[in-house]
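Enquirer: Return atomic coordinates for the entry below.
(2 chains)
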Amino acid sequence: MRNEMYHRSVISLLGLFLALPVAATLLYSLSSEWGATMLPSGLTFNWYLQLWNDPRFLTAFGHSLLVCLGTLLVSALIIVPAAFVTFYRFPWLNRWMNIIILMPFAVPPVVSSVGLLQLYSHGPLTLVGTPWVLIGCYFTIVLPFIYRALANTLGAMNLRDLMDAAHLLGADTPRALVSVILPNLKPALMASLFLSFSFLLGEFVFANMLVGTHFETLQVYLYNVRQTSGHFTSAVVMSYFLFTLALTWLAARLGK
Amino acid sequence: MDSSLSTCQLSALTSQPRRGPRWRHWQASLALLPLMVMLLVFCLAPMGWVIVNSVHSEDGNTLANFREILGSPFYLQAFVSSIRISLYSSVIGLLIVLPGAASLARVPGRLQNIAVAFTNMTSNLAGVPLAFAFIIILGTNGALTLLLRHAGLIDDLQLYSSNGLILIYSYFQIPLGLLLLYPAFSQLNDDWPDAAALLGASPGQYWRHVGLPVLAPAVCGTFVLLFANAMGAYASAYALTTGNYNLVTVRIASLVSGDIFLEPNLAAALSVMLMALLILVTAVNQWLLRRSHAQ
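Expert: Next comes the predicted model:
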């Protein structure tokens, strides 16, 4: 009993510590003024109203949503068939895939930006400054998460029997993939997509170095408005944070 | 498995010499092609560019870039501060995470689920938003700064210094470390402490001779990941000090996207050195693990 009390208090203490910056930012975003005193002098929703009426913020938010959704669509269209083929036709490949998909993980974004900036800022493949380069980079970020989620499900299901049964009933392989395998993959796929969404929304390095203000995303906007009121930036941080909170909650619900 | 018989029969059926519905080999490989192309264009090609151009400089000398870095106090300072901040924040993060993960593995399932979800959530608070949150709390006019100043404990809090960066880095290491480490603590059997106590071991002896050796691989692995994570981090430091603090990642970024001198080849050489350092740390970790297994 005393042991359990100890563990509970350790967890609570840690939770409190982790929650502190979030709580302070929330309070700051809701206070009218919080300068030379310990607690804010008044509460207000004005910062949020101002923020959600700022066309630049709405554009940046829209840009972020567009890039993230675009990435997830491209990723799903590329990774689902690849994972399926790996497990169905080339099972020996799975071991290699597990290594290949982790490659982008080993390289810090700053480092790959160096090469990306030189390779794609001119010539036939001019991607720097456009959202396309972000979609490509974000694909490499989410690849391990989505592939592993799909691989776990594909490894656990009776893939060969399911496919043979579908073939016997007259479906060709693409048809069988879409109407038999895909419904089975859906929970894992959706959960990994939502999770990817939530951390893509927080990506700053690629967005700032490769695209910057040409196609301002949420994080770049946040950085660029740092000189305005701290209350205002807090409102940006909280809006972003609550949005990702909703996404991770959805991911957890869909993963069940 | 009793389905193996029917599977054999089915594959015998489908391999009949009719135009089978199954994809031929090359058609199946085609499904892998887009993934490989994306990786090639957005991961391998930039990596290759960095490695090739790190040994290219204007005067044609292959090692000139590296010689310039190693001979420059400015770049060496960047490496020293990056390593210092990464090392401190990983150790501090681990010291907080170890008791936290031990408790997280021992609380009832419901509380554990809530705590893990909460940790996941805070791991999203990184980079630019995290730097701003810390400015609000601990900046020049931050709430906690004012509190401490009123209490007369401090004159001024140096958030925009290496200590401030260590604090912020430690904060974002904690959720990551917790999520990586708490499954390892579930390996520890609940009966082991009792068994050790029966044999006359104190709790300290139990941890030294049983607990920590079992956990060592996971702890070392987590440490390496935290260290690599901190070495590669850029956004928080950049947002906190607007690129004025001398770190390796900040230097690399300013050499390719700064306002004044663009020297991509030097940035490539710095990048290669950074990655060599990370590979070295990982290799040492692997070597230690293998040695401890051999004993």
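Enquirer: Could you pull up the residues touching the residue in the stretch 151-295 of chain B that chain A sits nearest to?
Expert: Residue of the stretch 151-295 of chain B nearest chain A, by Cβ to the nearest Cβ: B:Gly232 (3.1 Å). Just so you know, the C-beta spots here come from the backbone N, C-alpha and C atoms, and that holds for glycine as well. By Cβ atoms under 8 Å, 6 or more residues apart in numbering or on different chains, the contact list for B:Gly232 reads A:Pro108, A:Pro109, A:Val110, A:Val111, B:Thr249, B:Leu274, B:Leu278.
Enquirer: does the helix or strand where the fifth one lies come close to chain A?
Expert: Of the helices and strands defined by DSSP states H and E, B:Thr249 is found in helix B:248-257. Yes. Residues of helix B:248-257 are located near chain A by Cβ under 8 Å from any Cβ of the partner chain, namely B:Thr249, B:Ile252, B:Ala253, B:Leu255, B:Val256, B:Ser257.
Enquirer: most surrounded residue in those residues?
Expert: B:Ile252 (28 neighbours; other Cβ atoms under 10 Å in any protein chain shown).
Enquirer: pLDDT wise, what is it at?
Expert: pLDDT for B:Ile252: 94.
Enquirer: and it, what does it touch?
Expert: Neighbours of B:Ile252 in contact, by Cβ under 8 Å, 6+ apart: A:Val110, A:Val111, A:Val114, B:Ala267, B:Leu270, B:Ser271, B:Leu274.
Enquirer: need the contacts of B:Gly232 in JSON lines with pLDDT and secondary structure, can you?
Expert: Output for those, formatted as JSON lines (pLDDT from 0 to 100; DSSP: H, G, I helix; E, B strand; the rest coil):
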{"residue": "A:Pro108", "pLDDT": "91", "secondary structure": "coil"}
{"residue": "A:Pro109", "pLDDT": "93", "secondary structure": "helix"}
{"residue": "A:Val110", "pLDDT": "93", "secondary structure": "helix"}
{"residue": "A:Val111", "pLDDT": "93", "secondary structure": "helix"}
{"residue": "B:Thr249", "pLDDT": "94", "secondary structure": "helix"}
{"residue": "B:Leu274", "pLDDT": "94", "secondary structure": "helix"}
{"residue": "B:Leu278", "pLDDT": "91", "secondary structure": "helix"}
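Enquirer: What number of residues are in the vicinity of A:Gly170?
Expert: Using other Cβ under 10 Å: A:Gly170 sits among 9 other residues.
Enquirer: what's the distance between it and chain B?
Expert: To chain B, A:Gly170 is 8 Å away according to Cβ to the nearest Cβ, to the nearest Å.
Enquirer: For A:Leu20, state which of the residues of helix B:248-257 next to chain A is nearest.
Expert: The shortest gap between A:Leu20 and any of the residues of helix B:248-257 next to chain A belongs to B:Thr249, at 26.4 Å (Cβ to Cβ).
Enquirer: Not counting residues beside it along the chain, what's closest to the closest one?
Expert: Distance criterion Cβ to Cβ, 6 or more residues apart in numbering or on different chains; nearest residue to B:Thr249, sequence neighbours excluded, is B:Tyr234 at 4.0 Å.
Enquirer: I figured that neighbour was touching A:Glu203, is that so?
Expert: No. The pair B:Tyr234 / A:Glu203 is not scored as a contact, 11.5 Å apart, by Cβ atoms under 8 Å.
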